[in-house]
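In: give me a model of this one.
(one chain, ligands or ions: 1)
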Amino acid sequence: MKPFETKDEFVTVLSELWDRILNTPEIVNAVSGVKIITKFHFTDFDTDLYIDNREEAPRYYWDPDEKVSFDVEMIQSSETSHKFWMEDLNIPLAIASRKVIAKGSVQKALKLIPALKPAFAVYPVVLKDMGRDDLLQKPAKRKKKRRISFFKGRKKRHYSLDVLPEFPMEFLEEKSQEERKRGSKDVKEVSDSEFLRTMCKIRAFEEHLSGAFSKGNLPTEAIHLSIGQEAVAAGVCMNLRETDYLNTTHRGHGHIISKGADLKRMMAEIYGKSDGLCEGKGGSMHVTDGNKGILGANGIVGAGYLLAMGAGFTIKNEKRDDISVVIAGDGSVNQGMFHEAMNMISVFGLPVLVVVENNLYGEFTHIDNHSAVTEIYKRAHAYNLESQRLDGNDVKQVYEGIRKVIEKMRKDGRPRLVELMTYRWHGHMEGDPELYRTDDEKASYKKGDPISLLKNEMLKSGEIEEDEIGQIEKEAEEEVNEAVDFAESSDLPKPRTLLTNVYSPDDKSLYQGEYERLSGDGLKQASIAQAINEAISEEMERDDRVFMWGEDVALGGYFNVAEGLVDRFGKERVIDTPISENGIIGGAVGAAMTGMRPIAEILFSDFLTCCMDPILNQAAKLRYMTGGQLTIPLTIRTPLGSGIGVAAQHSQSMEKYFFGIPGLIVVAPSDAYTAKGLLKSAIRSENPVLFFEHKLLYANAGKIPVGDYTLPLGKARKVREGQDVTIVSHLLGVGVSLDAADILASEGINADVIDLATLYPMDTRTILESVSRTGYLVTVEEGTSTGGIGSEVIARIVLAGFDLLRAAPIRIAAPECPIPYARNLENAMLPSPELVAEKVRKALM
Ligand SMILES: Cc1ncc(C[n+]2csc(CCOP(=O)(O)OP(=O)(O)O)c2C)c(N)n1
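Out: Got it, this is the predicted structure:
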């Protein structure tokens, strides 16, 4: 039914409304901060209303004679306008279905909505005063008697959580912070004998591993040795302080030994023993010794560049004269991660030393076949970085060359790249048949053995005798033998440690407490975007290690959520990054593991596909793989969802790809209150949290408490009480479910609506409790159903509470196709309240 018959009647009502609004100081004060002209075009009466908020005193006018420039235009029918003012419009769905078409500075205009909240109380008064009481009555809803027959004679109903996958919750502790140890800043002068001793130790260590592997004594199929490359390790890493950071690769034993790792615990790690540096959870490719500034070897080729970049950010931020070193092979420079890191360390001017250990092969492929530019140091010029190439088999040349570079870096804080030429004697991994090179080639390179080179030089100069060399070699071997004895006698890790160190210890209070029923004083109106902005702002105020970076965030970001933060906290803490999603997240992980608390923004969640490695392999795994040595307090914020006509690569519901990843917490709030409280908990957490925001919900306004509060991670929120059916949803689906619940209520069916709020860990108990009362379960989500959030909800309830169900659960989700562009097709993807109501109705019949 059209509420207004004539244009005159409509214009009179809205004019009266705006007269009253603009005479209400409370509202005028609230909207005065948003200086814009908004044009409302009403399609059915072809008339335009302008609200001019640019001047000191806001005013309105209809259909001006002259052309007026405006910031934003809202196109809608008079009926939609009426529903809006009657608070009977689901705004996200209205925008998605183009009942309201918004053009121009929409995010700015949407900020007016919370400020206008008190105006909603004015509209019914205007209608009444103008004799249109009839419009105040919502269409009569027939109260039907429920026709649910299953309630009698139901079975005794119980549920058990024991059958569900165990979530390793033992990380909750009273304290929130682990003490960070700072190492020594001393770097001793290194004598030639010490070079020799270190190189001999590396060789003895790896020769032992080669033998142990061939005898089947190591619990691995893949061990990568650096025999022949020892001068790189000793020459670079003996230059480093404990407070300098080192990231290295799958072939990192030598680097790690040279930076001073505990040899016994390192060997125990490679033997997979409980005394291993990483409790037997990392192994050869992931050895880490946090106490010595060794942030870890890494099984992902190229990942170390990004982690080192983030560690360099920490050093710069803390104004230290330390450096962050990354060592990686020639093959790794063809990874996108190398290029993103090179650009970012240069753009941000970070003290990162990139060492490329060129052993001529990337796995089985010779550098001539894998690199367009084989003189890798020249690539650095493209990033405006100083670089050089040195003989990587001459330990003294490496040491001296690197020493000079580091000396400059400690002074100017700028990045550098050094390429070191060397050769690996063993296969890519032990057992490699080495079909890609000849014995002659190997023999010719072995002539450049770094250990023999140094020994001969020392003998020639007379600084050492043969027997002294023998003594050094013997001592190195003895040290390695002691490490082997230690490793062999160490216990295997206890099975109960399987679930330890999945997460870092966190303050219990971040996971406990309840969602409040908001009423009374101490509340204010805010949109979700404002609530998120406040959460970030308050947490940055609270802790100066919190910083934010992402594409265009200093300007407020694409959806304007970060607006104003740069003015308050400066460009050192609100940082625009290059368009480098791997760099944004990988760098943030590196910064987090060295003491910062980054909030990284990914412009559209679809682009999470461009940074899967730093999220899944680094952020979510490194706490575990290092046996609890690293802590990664990282928050990743990103908008998702469809409804704005940007097709399948900017509209997906990405949350299903990330929930259920051990080590990661996944949050997806549906209103302003939840968004602010959960984001603050996420930022305070010591763990990586992926925080999904819905684009269409940014403007949704609701009440939030004034000031500081946090809400419990891992807890679902009951948003509506009912006893007939349980509807479980998240993000946009919550509003849809609530609207469906209203439709059902008019028919006598009362729904319990649960907002999951945190997707992982999932709060199964709250759902079970509800289903134990209702007996019916419906899940509603915007994404597709296979492998979706609803699938997991249903699986859990069926497993843990099958007896509770009186009918098969219902899963409401998008059709199994990508999100199309055409408006009508895109709208068909979103579950509507009517559809949800219809499915519930059928289920209860
Ligand atoms: C992202 C990724 N791709 C592929 C691999 C498999 N892989 C492991 S080591 C390696 C070769 C790396 O060559 P390079 O960087 O030159 O180091 P090197 O092995 O010579 O020390 C490859 C392809 C991997 N671990 N990670």
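
In: and the helix or strand harbouring Leu690, how far out from the chain's middle?
Out: Element membership of Leu690, judged by DSSP states H and E, is strand 689-694. Between the centre of strand 689-694 and the centre of its chain there are 8 Å (Cα atoms, centre = their mean, to the nearest Å).

In: can you tell me the strand partners of it and which way each runs?
Out: strand 635-640 (parallel), strand 665-667 (parallel) (DSSP bridges).

In: to the ligand, which of those strands lies closest?
Out: Among these, the nearest to the ligand by Cβ to the nearest ligand atom is strand 635-640 (20.5 Å). Heads up, the C-betas are built off the backbone N, CA and C, glycines and all.

In: what lies in contact with the closest one?
Out: For strand 635-640, contacts defined as Cβ atoms under 8 Å, 6 or more residues apart in numbering pick out 532, 550, 559, 561, 585, 588, 597-608, 615, 619, 652-655, 679, 682-683, 685, 688-695, 698, 731.

In: among these, which are located in strands?
Out: Among the contacts of strand 635-640, the residues falling in strands (DSSP state E) are 550, 597-601, 689-694.

In: got CSV for these, with pLDDT and distance to the ligand too?
Out: As requested, these are exported to CSV (pLDDT from 0 to 100; distance: Cβ to the nearest ligand atom, whole Å):
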residue, pLDDT, distance to the ligand
Gly550, 98, 24
Arg597, 98, 27
Pro598, 98, 23
Ile599, 98, 26
Ala600, 98, 21
Glu601, 98, 25
Val689, 98, 25
Leu690, 98, 21
Phe691, 98, 26
Phe692, 98, 26
Glu693, 98, 30
His694, 98, 32
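
In: report the buried members of the residues you listed.
Out: The neighbour count (16 or more other Cβ atoms under 10 Å) marks 550, 597-601, 689-694 as buried among the ones in strands among the contacts of strand 635-640.

In: quick one: which two of these are the most distant?
Out: Arg597 and His694 (24.6 Å; Cβ to Cβ).

In: partner residues bridging the nearest residue to Ala682 once chain neighbours are set aside?
Out: Leaving aside its chain neighbours, Ala682 sits nearest to Val689 (3.9 Å; criterion: Cβ to Cβ, 6 or more residues apart in numbering). Per DSSP bridges, the residues bridged to Val689 are Thr635, Ile665.

In: for Val689, give me its contacts.
Out: 634-636, 664-667, 682, 713.

In: quick one: which of those residues is most hemmed in?
Out: Within the contacts of Val689, most neighbours by other Cβ atoms under 10 Å means Leu634, with 32 neighbours.

In: what is the neighbour count of the residue of the stretch 301-450 of the chain found nearest the ligand?
Out: Of all residues in the stretch 301-450 of the chain, Gly329 sits closest to the ligand, at 2.2 Å by Cβ to the nearest ligand atom. Applying other Cβ under 10 Å, we find 25 residues neighbouring Gly329.

In: also Thr43?
Out: For Thr43, the count of nearby residues is 13 (other Cβ under 10 Å).

In: one more: Leu22?
Out: Residues near Leu22, counting by other Cβ under 10 Å: 18.

In: who are the contact partners of it?
Out: So Leu22 contacts 28, 57-60 (Cβ under 8 Å, 6+ apart).

In: try it again at 7 Å.
Out: 28, 58-60 (Cβ atoms under 7 Å, 6 or more residues apart in numbering).

In: what does Glu781 give?
Out: Listed by Cβ under 7 Å, 6+ apart, the contact partners of Glu781 are 653, 729-730, 733, 788-790, 813.

In: looking at those, which are in strands?
Out: Those of these lying in strands (DSSP E): 729, 813.

In: and of the contacts of Glu781, the nearest to Asp708?
Out: His730 (25.0 Å).

In: and the contacts of the helix or strand containing Phe213?
Out: Element membership of Phe213, judged by DSSP H and E, is helix 192-214. Helix 192-214 is touched from outside by 218, 223, 225-227, 230-231, 233-234, 238, 253-254, 257-258, 270, 395, 426, 430, 450-451, 454-455, 458, 463-464, 472-473, 475-477, 479-480, 484, with contacts defined as Cβ under 7 Å, 6+ apart.
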